[in-house]
Each structure stands twice: as C-alpha cells, then as structure tokens.
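Q: Give the three-dimensional model of this entry:
(one chain, ligands or ions: 1)
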Amino acid sequence: MPRILTGITPSGTLHIGNYFGAMRPAIELQAGGDAYYFIADYHSMTAITNAQERRGYTQGIALDWLACGLDPAKAVFWRQSDVPEVCELTWLIGSLTPMGLLERAHSFKDKTAKGIAPNFGLFAYPVLMAADILLYDTNIVPVGKDQKQHLEMTRDIAIKFNQTYGDTFVVPEERISETLAAVPGLDGQKMSKSYGNTIEIFGDEKVLRKKIMGIVMDSRTPAEPKPDAEKNLAIQLLRLVAPKDVATDFENRLRAGGLGYGDLKKALFEHYWNYFAPYRVKRAELVANSDYVEKVLKDGAERAQAVASKTMARALQHCGLR
Ligand code: TYM
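A: The predicted model follows:
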C-alpha cells in the first residue's frame, strides 16, 4: 500500500484553495493508502511570530481537517512538532543540500522580493519540508501546484543522500491534480493566506457574502455575449463548488449574454455556502469536543513517531553517527 503524506502550515485561516488543492485530494486518498497528514507548525515559524496566534491557527487547522472528513481511523494525523526528529533529519539532509538548489527556490525568491527579511528558516524551509516527506518513507504527496518545486527538491535531496550514504530514503512522487492545482483568489491571482484574497472554508456568512459579491468584473453589460465566459473568475470558482451541469449552464448563459454578474456572484455564494454546510455542522460538534481533537493528535503523534524513529535510526547508521 503506498504511503501518502501531506501537510498544511498554520500561518492563517484555511481557504478553499487549501481545500480543493490539498485537503480534498488527501481525504479521497485516505481510503486507498496508508495516509499520514500533519499540521506543519514548525513551518509556521517563518511566517508568524505570535505564540497565541500559532496555537490558535494550529487548533483551527486540526478542527478544519477533521470537519472536512479526515478520518483518524484511516489516517495518522499529528502536529509536526510532536515528532522533533524531523529537525534532526533536517540537519542530516541539509548538510548535503547545495546552496544553489535553495537559492533557486521560487518561494524564497518570491518572499524576499515582497520585502520579507530573509533568514535561515526561510532559506532552509524546503529542507525541513524534504525531511517531513523522507522521515515517513512517503510514496505520494498530494499538494497544490505551488509546492511542485519543493517536491522536486525533495527528490534531488533523497537521491543525493542515497548515492552518498547508501539506500536510505524512499524517493517520493508528487500528486498534483491539473484542474485543482491553482485555485484563483478573489483578485484572480493564486488564492493565498498571505495575499488577502481568500475565500475561507469556514467563514462568517455575512463577511463571505460581501467578499464574493465584491469580486471585481469588467464593465460589459449583462446583455452582451461573453465569448470568454470560461475565463470568468466566478465561473472558475463555481466549477469547484457547484454540480458540473449547473456550472456549465451558468457558463453557457454568460457566453450567450443575458446573465448579469450580480446574479452569477449570488449563485456562486449560494453554492459555496451549501457545499461546506455539512462540514460546518461537523466542525461545530468538534469545537464542543476539544478533548477528542487533542486525543486524535496525541495518538497520531505516537504512530508517526514509531515510523520516524525507524527511518532516523537507519539514516544515523548509514551516515556513521551510530
Ligand atoms: P500551505 O500551508 O501553504 O498550503 C497547504 C496546501 O494547500 C495547497 N494550496 C493550494 N492549492 C491550490 N490552489 C491554491 N490557491 C492553493 N493554495 C495552497 C498547497 O499547495 C499545499 O498543498 N510547505 C507546505 C506545507 C508542508 C508540506 C510538507 C506539504 C510542510 N511540509 C510536506 C506536503 C509535504 C505549505 O506551506 O503549504
């Protein structure tokens, strides 16, 4: 059975890009594999520096995953920092990772270009991510397109370690769904916790309605035919949350002319709101049951640790630290 692993960083509130790009594929895969899903709290260190905020986002992500269908009977679910071996492995593989490889990382270049002060953590971020993946003998990593390069780096690092010290790590494969790989945000750019363009999975109804009704469109009148209807942002988002025939019908009406943008956005909001309705109910139940959530994470950490300690022992042995 292939081992499937993925993580989400608690650096903000989760949005539908996270959901469609990573969570839903991971939840679908949990039935057919050996699933390992975690909250990447060490990764959040480079994004936020407020302790209370970090705890809050971590707890929020635990609730979100479980509400959206992560099943602890099928998947191991834990907090990254509960298995600190991942930091030890980061050092081992980091000692073989060329500077040039890390200097070419898009996420590092993007963040520094945005004015974020570069530090060791930001630079070494892909090494920690590689350690996450390699520590658990991972075969498949379901992620969004923005993580593609990190997966390529992980493969390079694993191959180099195996060549240097002998066969130690499984070389993983990424799993990126073409249609869901890059969910656009309210401004048409990639939806991202750090761009302020998100549609949250679990947001306040009024706020979300306002956000969606506020999507800026062009100035063509409702009557005008729109031959580029498939490129319309609301249509693209509707494709995610509405049944296929409903989304196609809206797209055809927009193309033909006669459908106003206001009505389209209203439909988008309604379908979005209904799509997540059952998960909202589940989340509210979980909020009232925080002991259960904590127990799931603790049990998950124990199971994750059992795998991690074996890989770590092998890596230490192979490079002569034991
Ligand atoms: P993070 O927290 O930024 O994102 C979590 C997951 O959501 C996907 N994603 C998207 N997919 C489609 N469209 C979007 N607009 C969109 N925005 C985000 C991301 O691709 C990701 O799959 N470094 C990682 C967390 C991580 C990890 C790992 C992932 C740490 N270790 C090991 C996999 C394996 C991150 O910050 O993702």
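Q: residue ranges of the strands in the stretch 151-300 of the chain, please?
A: For the stretch 151-300 of the chain, the strands defined by DSSP state E, counting those that start in this stretch occupy 173-175.
Q: how about the residues of it that lie near the ligand?
A: For the stretch 151-300 of the chain, the contact set with the ligand under C-beta under 6 Å from any ligand atom comprises 181-183, 190-192. Quick note: C-beta positions are derived from backbone N, CA and C, even for glycine.
Q: how about JSON lines for those residues, with distance to residue 124 and neighbour count added?
A: Shown next, in JSON lines, are these (distance: C-beta to C-beta, whole Å; neighbours: other C-beta atoms under 10 Å):
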{"residue": "181", "distance to residue 124": "25", "neighbour count": "19"}
{"residue": "182", "distance to residue 124": "25", "neighbour count": "17"}
{"residue": "183", "distance to residue 124": "28", "neighbour count": "23"}
{"residue": "190", "distance to residue 124": "23", "neighbour count": "17"}
{"residue": "191", "distance to residue 124": "26", "neighbour count": "23"}
{"residue": "192", "distance to residue 124": "21", "neighbour count": "17"}
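Q: so where do the helices sit in the protein?
A: 16-18, 24-29, 51-67, 85-94, 99-103, 106-113, 120-135, 148-165, 205-213, 233-241, 244-256, 261-275, 277-287, 290-318 (DSSP state H).
Q: tell me the angle of the longest one relative to helix 148-165?
A: Compare the direction of helix 290-318 with that of helix 148-165 by axes from the mean of the first three to the mean of the last three C-alpha atoms, to 10 degrees and you get 40 degrees.
Q: packing partners for helix 290-318?
A: Helix 290-318 is packed against strand 34-39, helix 51-67, strand 75-79, helix 85-94, helix 120-135, helix 148-165, with contacts defined by 3 or more C-beta pairs under 8 Å, 6 or more residues apart in numbering; DSSP states H and E.
Q: For this protein, list the residue farthest from the centre, please.
A: residue 223 (39.3 Å; C-alpha atoms, centre = their mean).
Q: Quick one: neighbours of the closest residue to that one other than its chain neighbours, just the number.
A: Spatial nearest neighbour of residue 223, chain neighbours left out: residue 257 (5.3 Å); criterion: C-beta to C-beta, 6 or more residues apart in numbering. Using other C-beta atoms under 10 Å, residue 257 has 15 neighbouring residues.
Q: OK, contacts around the residue in the stretch 51-200 of the chain positioned nearest to the ligand?
A: Closest to the ligand within the stretch 51-200 of the chain is residue 144: 2.3 Å, counting by C-beta to the nearest ligand atom. Shown here is residue 144, whose contacts under the criterion C-beta atoms under 8 Å, 6 or more residues apart in numbering are 17-18, 21-22, 176, 180-183.
Q: Quick check: the residue farthest from the centre of the chain touching residue 258?
A: Yes: applying C-beta atoms under 8 Å, one finds residue 223 in contact with residue 258, separated by 6.2 Å.
Q: the inter-axis angle of the helix or strand of the chain with the lowest mean pLDDT versus helix 148-165?
A: Using mean pLDDT, DSSP states H and E, helix 106-113 stands out as the lowest-scoring helix or strand of the chain, at a mean of 91. Taking the same axes, to 10 degrees, helix 106-113 and helix 148-165 form an angle of 120 degrees between their directions.
Q: Apart from its chain neighbours, what residue comes closest to whichever residue of the stretch 201-322 of the chain sits closest to the ligand?
A: Using C-beta to the nearest ligand atom, the closest approach of the stretch 201-322 of the chain to the ligand is made by residue 240 at 9.9 Å. Excluding its sequence neighbours, the residue lying closest to residue 240 (C-beta to C-beta, 6+ apart) is residue 20, at 5.4 Å.
Q: any idea how far the one you found is from residue 61?
A: Distance, residue 20 to residue 61, by C-beta to C-beta, to the nearest Å: 16 Å.
Q: what's the neighbour count on residue 160?
A: Residue 160, neighbours per other C-beta under 10 Å, totals 16.
Q: Report the residue ranges of every domain in this protein.
A: As assigned by automatic domain parsing, the chain contains the domains 3-183+290-318, 203-275.
Q: Determine which stretch of those domains is the most buried.
A: Comparing those by mean neighbour count (mean count of other C-beta atoms under 10 Å), domain 3-183+290-318 ranks first with a mean of 18.
Q: and the end-to-end length of that one?
A: 23 Å (C-alpha to C-alpha, to the nearest Å).
Q: Excluding chain neighbours, give the residue nearest to residue 235 in space.
A: Closest residue to residue 235 apart from its sequence neighbours, by C-beta to C-beta, 6+ apart: residue 251 at 5.1 Å.
Q: so who does that neighbour touch?
A: 229-230, 232, 235.
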